[in-house]
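Peer 1: Attaching a predicted model along with its sequence, questions to come.
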Amino acid sequence: MENFDENIDYSSENVAVNLEQIPVAQVYRNKVILKLEKILKRTIDIIAGILGVIALLPLTLIIYIANLACKDKGPIFYTQERYGKNGKIFKLYKYRSMVVGADEKLKEYLEENEEARKEYKEYKKLKDDPRITKVGKFIRKTSFDEFPQFINVLKGDMSLVGPRPYLPREREDINGFFNYITSVKPGITGLWQVNGRSDTTFTERLTLDMSYYYKHNLKMDLKILGKTVKDVVKKEGAI
């Protein structure tokens with residue numbers, strides 16, 4: 001898959017197509033194909049959402065027992081506000097992989113550690129995050145922490161494949177990418193997850209999500225899903 005080229009001007013003036021030069025039949029055919037792909041994608045999302053929610057039942061029990069064994073009495077699930085399609089805020093579901101009060105602890109930790117501040121500014125993540133619990137390390141490595149997002153897929157907040165669902169506090173850093181990236185539903189997986197995932201910088205993630213915005217279709221989505229399954233099995237790119 002080709003990545004978004006920062007050297008190309010992707011402004012609306014340059015990517016606009018003069019429809020008068022395209023045969024009417026071709027324009028109609030393209031619209032029909034796009035509509036069918038949209039319907040098929042949502043159908044796949046619904047089926048996957050149902051299967052994912054069913055899988056949550058035994059997985060939740062296992063994680064609950066594991067947390068008890070580790071004397072972690074905090075909630076199993078974690079909700080967080082994220083940007084959805086058209087910039088609408090929605091609640092994203094995940095299994096809690098960090099200690100209770102993680103946001104406050106992050107603020108304190110970054111204030112006390114200059115190197116951590118630099119790392120977080122560039123990646124919006126920490127490789128050695130002190131907030132992650134014992135069970136959290138395992139479910140992150142296996143990507144089990146993402147499973148509750150199948151609820152979001154079933155609800156229609158998210159799709160299986162799409163851009164990263166960004167945090168409201170990241171709005172300023174997203175800058176000019178925002179309107180483009182949020183014009184499509186965010187996904188559980190996407191281009192950045194299969195191109196380095198946690199090893200990519202925040203800017204690289206935005207670049208890959210911008211690339212997805214311009215090039216996405218059902219064929220690309222299926223390729224991304226296949227690559228995601230391989231990466232999860234190999235446990236590549238997770239932290």
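Peer 2: Right, received. Where do you want to start? Model, not experiment: these values are computed from the prediction.

Peer 1: going forward, measure contacts and count neighbours with C-alpha atoms only.
Peer 2: Noted.

Peer 1: Name the next helix or strand downstream of the helix-or-strand element of the chain with minimal mean pLDDT, please.
Peer 2: The least trusted helix or strand in the chain, going by mean pLDDT, DSSP states H and E, turns out to be helix 12-15, with a mean of 39. Using DSSP states H and E, the helix or strand that directly follows helix 12-15 along the chain is helix 24-69.

Peer 1: now the helix or strand that comes right after that following helix against helix 24-69, angle please.
Peer 2: Remark: after helix 24-69, the chain's next helix or strand is strand 77-83, criterion DSSP H and E. Relative orientation of strand 77-83 versus helix 24-69 (axes from the mean of the first three to the mean of the last three CA atoms, to 10 degrees): 150 degrees.

Peer 1: Geometric centre of this structure: which residue is closest?
Peer 2: Geometric centre of the chain, nearest residue: R164, 3.2 Å, by CA atoms, centre = their mean.

Peer 1: Distance check, the closest residue to it other than its chain neighbours against W192.
Peer 2: Nearest residue to R164, sequence neighbours excluded (CA to CA, 6 or more residues apart in numbering): P186, at 5.5 Å. Distance, P186 to W192, by CA to CA, to the nearest Å: 12 Å.

Peer 1: Which neighbours do those two have in common?
Peer 2: Any residue near both P186 and W192 by CA atoms under 8 Å, 6 or more residues apart in numbering counts here, and that gives R164.

Peer 1: hmm, back to that, so the residue nearest to R164 touches G84, yeah?
Peer 2: Yes - here P186 reaches G84: they are 6.0 Å apart, a contact under CA atoms under 8 Å.

Peer 1: Which neighbours do the two have in common?
Peer 2: Residues touching both P186 and G84 (CA under 8 Å, 6+ apart): D157, M158, P165.

Peer 1: what about the first one, how many neighbours?
Peer 2: Which is D157. As a burial measure, D157 scores 23 neighbours (other CA atoms under 10 Å).

Peer 1: so what pLDDT did it get?
Peer 2: D157 carries a pLDDT score of 97 in this model.

Peer 1: For stretch 180-200, give me every contacting residue.
Peer 2: For stretch 180-200, the surrounding residues in contact (CA under 8 Å, 6+ apart) are 83-87, 123, 125, 146, 149, 157-165, 204-205, 208-210, 212-213, 221, 224-225, 227-228, 231, 237-239.

Peer 1: How about stretch 102-118?
Peer 2: L126, R131.

Peer 1: in that stretch, what's buried?
Peer 2: L106, Y109, A116, R117 (16 or more other CA atoms under 10 Å).

Peer 1: which regions of this protein sit below the pLDDT cut-off?
Peer 2: 1-29, 235-239 (pLDDT under 70).

Peer 1: Can you classify V100 by secondary structure?
Peer 2: What DSSP: H, G, I helix; E, B strand; the rest coil gives for V100 is coil.

Peer 1: And the one 4 residues further on, by the same measure?
Peer 2: What three-state DSSP gives for E104 is helix.
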